[in-house]
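Colleague: one predicted model, sequence on top.
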Amino acid sequence: MKTFYVATLARYVLVDAADEAEAASLGQDSLHALYADLRAKHGRDCHGALEKGPPVGN
């Protein structure tokens, strides 16, 4: 497994995945949970487009 950097323009998560497709899926779920927490704390909607980067490390 590799660690992938999955991000919007404002937030990011690191996910362990076998390939980019799995990283995108896991990252989207993690970012959704992160933004849900921000919405709950701040009482407003937060938007962000998913950006994928290359694997982190070797």
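Modeller: Perfect, thanks for sending it.
Colleague: where do the strands sit along the chain?
Modeller: For the chain, the strands defined by DSSP state E occupy 2-7, 12-17, 51-56.
Colleague: now for the first one, which elements pack on it?
Modeller: Helices and strands touching strand 2-7, by 3 or more Cβ pairs under 8 Å, 6 or more residues apart in numbering; DSSP states H and E, are strand 12-17, helix 20-42, strand 51-56. For glycine as for every other residue, the C-beta is placed from the backbone atoms N, C-alpha and C.
Colleague: where does pLDDT dip in this protein?
Modeller: When residues are selected by pLDDT under 70, those of the chain lie in 44-58.
Colleague: now stretch 10-17, how far from the centre of its chain.
Modeller: 4 Å (Cα atoms, centre = their mean, to the nearest Å).
Colleague: equivalent analysis for stretch 3-22, please.
Modeller: Using Cα atoms, centre = their mean, the offset of stretch 3-22 from its chain centre is 5 Å.
Colleague: so which bits of that stretch are buried?
Modeller: Neighbour-count burial for stretch 3-22, counted by 16 or more other Cβ atoms under 10 Å, picks out 4, 5, 6, 7, 8, 13, 15, 17, 20.
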